[in-house]
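**Student:** fold the stuff below for me.
(one chain, ligands or ions: 1)
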Amino acid sequence: MSHIVVSTWRFGLASNQPAWEILKSGGSALDAVVRGVEVAERDPAVRSVGFGGYPNAEGEVEVDAAVMDGRNLGYGAVAGLRKIATPTAVARRVMEKTDHVFLVGNGALKFARAQGFEECNMLTEHGRRAWKKWKRERTGPPADVHDTIGMIALDQHGNLAAACTTSGAAFKLPGRVGDSPLIGSGLYTDNDAGAAAATGRGEEIARTCGSFAVVEHMRQGKSPQEACEAVVQHLIARVPSARPFQMAYIAIDKYGNWGAAAARSGFLSAVTSNVENQLYKSRFFIGYGGVG
Ligand code: GLY
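**Tutor:** Down below sits the predicted model:
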C-alpha cells in the first residue's frame, strides 16, 4: 500500500512532516492528519487557522475543525470554538469520546475544558492590529489570508483519514461557520473509495457537498484528478456567485493516487510520500478574475 499525505497551501508542507513520520513508522492515517494539522493550528504566522487566526467582527478568534475516519465513516467536529489552539484534536475527542458528532460554541469549549485542553489567548498582536484597522477603515479581508488547511492521508494498512481546520473568514459575524467542519463539504473520506478536502470561500463551497462528491466520483471510477476537476466545474457552473472566489479540492484514492483542482490560479497542494515531498501548483484551474 503506498502511503501518502496531501494537504492544502504552502503551510501544508510543514504540517505534512509529522504526519509523514507517523505514516512512515506504520501509524494510522487518523493520527497522522490530527497531528499534522496541529502544526498549522499552533503557528501564529498562519493567519487563517487556529492560534493567531484573524478574529471575528468583535475581535474574538473563533475556530472550526473536523476530522473523519475512513474505516467506519467516523466523524467529529467543532465550530465557533474559542480559546483552544488545537480544534482538530477536540473534534477527534468529540468523535471518540461522545455519542455526538458536532459541538459548537460554549458547549464545545466546555467539552474541551473537560477533556483537559489548555486555554489560551488566540488573538495575537498582529491579529488585534488588523482587527482595529478593519474596524476603523472597513477595508475587507487582509491579502495574506490563505484559508483552511485540509489534510488527507492513506496509511500502510489501507486506511484513509481527513482533517480540515480554520479560523474562518476574517472579521466574520460572530457565530459564522463555513464549509470546513461540515461533513461532505470541508472533508469526506471512505476507505472503500478515497478522501477529499476543500479550501476556499466557505459560503460557496458549502452549497455543493463537494468533498462528498469528489469521493463519490472516485467510487464510480474517476481518478482523483478527474474527480476534483468535475467538482470544481460543477461548483462554478451551478453557483455563479462563486466565480470571484478561490475554491479548491484535494483528493487521494484508496490506492494512494492524488489530484487537485482549483477555481483560480495560485492554489498549492503539499504532497509527501515515499517518492516526493513538495508543493505543486494546481494543474487545473478555471480562472475567472476575482479575489481569494
Ligand atoms: N474555508 C473556510 C471557511 O470559509 O471558513
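**Student:** all strands of the stretch 101-250 of the chain, in order?
**Tutor:** Under the criterion DSSP state E, counting those that start in this stretch, the stretch 101-250 of the chain contains strands at 102-104, 149-154, 160-166, 187-190, 194-200, 247-253.
**Student:** for the record, mean pLDDT for the last one?
**Tutor:** In this case it means strand 247-253. The predicted model gives strand 247-253 an average pLDDT of 97.
**Student:** list the strands paired with that strand, with their directions.
**Tutor:** Strand pairing for strand 247-253, using DSSP bridges, gives strand 194-200 (antiparallel), strand 258-262 (antiparallel).
**Student:** ok, which of the strands of the stretch 101-250 of the chain comes nearest the ligand?
**Tutor:** Of all those, strand 160-166 sits nearest to the ligand, with 4.3 Å by Cβ to the nearest ligand atom. For the C-beta atoms, the positions are set from N, CA and C on the backbone; glycine is no exception.
**Student:** packing partners of the closest one?
**Tutor:** Here strand 160-166 touches helix 29-42, strand 63-69, helix 87-97, strand 149-154, strand 187-190, strand 194-200, going by 3 or more Cβ pairs under 8 Å, 6 or more residues apart in numbering; DSSP states H and E.
**Student:** hmm, back to that, which of the strands paired with strand 247-253 has the highest mean neighbour count?
**Tutor:** Across the strands paired with strand 247-253, averaging neighbours per residue (mean count of other Cβ atoms under 10 Å) puts strand 194-200 on top, at a mean of 33.
**Student:** so for it, mean pLDDT?
**Tutor:** Per-residue pLDDT over strand 194-200 has a mean of 97.
**Student:** repeat for stretch 227-239
**Tutor:** The average of the pLDDT scores along stretch 227-239 is 94.
**Student:** mind listing what's buried in that stretch?
**Tutor:** By neighbour count on 16 or more other Cβ atoms under 10 Å, the buried set for stretch 227-239 is Ala227, Cys228, Glu229, Ala230, Val231, Val232, Leu235, Ile236, Val239.
**Student:** any figure for the gap between the nearest residue to the first one once chain neighbours are set aside and the ligand?
**Tutor:** Nearest non-adjacent residue to Ala227, counting by Cβ to Cβ, 6 or more residues apart in numbering: His217, 3.7 Å away. When distance is defined by Cβ to the nearest ligand atom, to the nearest Å, His217 is 21 Å away from the ligand.
**Student:** look up how far Glu137 lies from the closest residue to the ligand within the stretch 51-200 of the chain.
**Tutor:** Of all residues in the stretch 51-200 of the chain, Gly178 sits closest to the ligand, at 2.4 Å by Cβ to the nearest ligand atom. Going from Gly178 to Glu137 by Cβ to Cβ, to the nearest Å gives 24 Å.
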